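K.L.:
This is a predicted model, with the sequence first.
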Amino acid sequence: MKSATFRQVKVFETVARHLSYSRAAQELRMSQPGVSAHIKQLEGHAGLPLFEQLGRKIYLTPAGHEMLRYSRAIIQQLKEADEGLAALKGIRGGRLNIAVISAGDYFFPGLLAEFCRRHQSVTVQLSVNNREEILRRLTENTTDLTVLLRPPENPDMVAVAFAPQPHVIIAPPGHGLVRKRNIPLQALASEAFIVREQGSDTRLAMDELLAEFRVKFNVTMEIQSTETIKQAVIAGMGVSFLSAHTIGRELELGQLSVLDVQGFPVMRKWHIVHHKNKRLPPVAVAFKEFLLHEGAVLIERLVGRTMPGRKARKS
């Protein structure tokens, strides 16, 4: 293995994580033949096959499992060396590695832009994923900080709330309930609901509410994209439970309406999360403090007040 390169190790770890050459090529921004060539070279150094193909799927061989363990250790050590050197530089010139759930799309770039304006020469590696992928990245230590609505139950994770997140029921402007006031939640049971997929933070918030009030929505469609859900509601296919932070533009344009439902908006909180044993680089520490002190105010400024003037229900 003396002739193996770090690039080969990195390519191998990515293929092993996805168990897919094409998805690894996408992440690494390489061609699929280029990924295959790196794997063949590493297998040549190892003297053993690292993957085996059964049908259309690939699997790690016993040698591949062993190689993955050492590959991740090598990658982590180099990452820690990079972080240690970055610590000597301080915030300026540091690299912020952060992941956020898709509902944060609508304000998070604005937060990052404000932070970078204050700390020039900071570079950002931002991943936007669903909850499951973000929790995996936390566990595998491939990100420094993550932003979630529902904090992980893992006791090894530190989660601190930094801003409120209101959820509302939305409908097309011509819906029969738009002009009604103080709508009981039970009255929505017969409506066609278009919702986020199981496991997403938005879906978890909705399911918690339904369990608390023992109400069941008529879910007719599950969609992984908030943007697609909004378009489906605009088209008159049903109503939805979504974050108020995601619908500001559509409300301004008159494409969507917020139903005046009893107890809404339902408030959840944004959390900044990291592993309790993670040695955060100075730029990550600075960004965490930035969110805790100014995140709520800046989010309000970025997304505007999109809620009806009702008292929110807190959880």
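P.N.:
Good, I have the coordinates. Numbers count the residues shown, from 1 in each chain.
K.L.:
For the rest of this, base every contact and every neighbour count on C-alpha atoms.
P.N.:
Will do.
K.L.:
Can you show me the strands along the stretch 201-315 of the chain?
P.N.:
218-222, 240-243, 257-258, 266-275, 313-314 (DSSP state E, counting those that start in this stretch).
K.L.:
got it, and the stretch 1-150 of the chain?
P.N.:
Using DSSP E, counting those that start in this stretch, strands in the stretch 1-150 of the chain cover 51-54, 57-60, 95-101, 123-129, 145-148.
K.L.:
Can I get the ones you listed in JSON lines including mean pLDDT?
P.N.:
Below are the strands of the stretch 1-150 of the chain laid out as JSON lines (pLDDT from 0 to 100):
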{"stretch": "strand 51-54", "mean pLDDT": "92"}
{"stretch": "strand 57-60", "mean pLDDT": "94"}
{"stretch": "strand 95-101", "mean pLDDT": "90"}
{"stretch": "strand 123-129", "mean pLDDT": "89"}
{"stretch": "strand 145-148", "mean pLDDT": "93"}
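K.L.:
Can you say which of these is packed in most?
P.N.:
strand 145-148 (a mean of 26; mean count of other C-alpha atoms under 10 Å).
K.L.:
What's the first helix or strand after that strand?
P.N.:
Going down the chain from strand 145-148, the next helix or strand is strand 157-171, by DSSP states H and E.
K.L.:
Kindly calculate the angle that that next one makes with strand 266-275.
P.N.:
With axes from the mean of the first three to the mean of the last three C-alpha atoms, to 10 degrees as the basis, strand 157-171 and strand 266-275 are set at 150 degrees to each other.
K.L.:
In this protein, where is pLDDT below threshold?
P.N.:
Low-confidence segments of the chain (pLDDT under 70): 1, 85-93, 304-315.
K.L.:
Roughly how far does Arg69 sit from His45?
P.N.:
Taking C-alpha to C-alpha, to the nearest Å as the measure, Arg69 falls 17 Å from His45.
K.L.:
mind listing what the residue nearest the centre of the chain touches?
P.N.:
Closest residue to the average C-alpha location of the chain: Ile101 at 2.1 Å, with C-alpha atoms, centre = their mean. Neighbour list for Ile101: Val128, Asn129, Asn130, Arg131, Ile134, Val147, Leu148 [criterion: C-alpha atoms under 8 Å, 6 or more residues apart in numbering].
K.L.:
Make JSON lines from those residues and add distance to Ile194 to it.
P.N.:
Converted to JSON lines, the contacts of Ile101 look like this (distance: C-alpha to C-alpha, whole Å):
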{"residue": "Val128", "distance to Ile194": "22"}
{"residue": "Asn129", "distance to Ile194": "20"}
{"residue": "Asn130", "distance to Ile194": "17"}
{"residue": "Arg131", "distance to Ile194": "19"}
{"residue": "Ile134", "distance to Ile194": "24"}
{"residue": "Val147", "distance to Ile194": "24"}
{"residue": "Leu148", "distance to Ile194": "22"}
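K.L.:
Just name the closest of the residues you listed to Ser3, please.
P.N.:
Of all the contacts of Ile101, Ser3 sits closest to Ile134, with 33.9 Å by C-alpha to C-alpha.
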